[in-house]
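# can you look at this prediction? I've put the sequence above it.
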Amino acid sequence: MKSFTRDELAAFNGKDGKPAYVAYEGAVYDLSESAMWVDGDHEAMHFAGMDLTAEHEDAPHDAYVTDFPQIGVLA
């Protein structure tokens, strides 16, 4: 499984045809197929290419990100 640095993860921001990847609890997930992540933006509050572990505490839902394919780990 690929290991991503934070800088490498930032390149997968879902914009300009790039995949939308996020990290959560050390795992990197591909959210590109999610209708909730259009152009790497989720509800104008969260953005692809980032580690969202700390931000999830404020989310009004469970960790649905784990329903998507894990494609790597955060270094």
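Right, received. Where do you want to start?
# burial count for Leu9?
By the criterion of other Cβ atoms under 10 Å, Leu9 has 20 neighbours. The way it works is simple: take the backbone N, C-alpha and C, and place the C-beta from them, glycine included.
# can you say which helix or strand has it in it?
Using DSSP states H and E, Leu9 sits in helix 6-10.
# what do you get for Ala23?
Assigned by DSSP H and E, Ala23 belongs to strand 21-24.
# which outside residues touch that strand?
Under the contact criterion Cβ atoms under 8 Å, 6 or more residues apart in numbering, strand 21-24 has outside partners 4, 9, 12, 28-32, 46, 48-53, 56, 63, 65-66, 71-72, 74.
# give me the nearest residue to the spatially most central residue of the chain, chain neighbours excluded.
Centroid-nearest residue in the chain: Val22, 1.6 Å away (criterion: Cα atoms, centre = their mean). Of all residues not flanking Val22 in the chain, Leu52 sits nearest, at 5.1 Å (Cβ to Cβ, 6 or more residues apart in numbering).
# does the one you found touch His46 like I think?
Yes: Leu52 is in contact with His46 according to Cβ atoms under 8 Å; the separation is 5.8 Å.
# what's the closest non-adjacent residue to Ser34?
Spatial nearest neighbour of Ser34, excluding adjacent residues (Cβ to Cβ, 6+ apart): Phe68 at 6.7 Å.
# how far away is the one you found from Tyr21?
10 Å (Cβ to Cβ, to the nearest Å).
# so where is the protein shaky, pLDDT-wise?
By pLDDT under 70, the weakly predicted segments of the chain are 56-66.
# my read: Thr53 touches Tyr29, true?
No: taking contacts as Cβ under 8 Å, Thr53 lies outside contact range of Tyr29: 11.6 Å.
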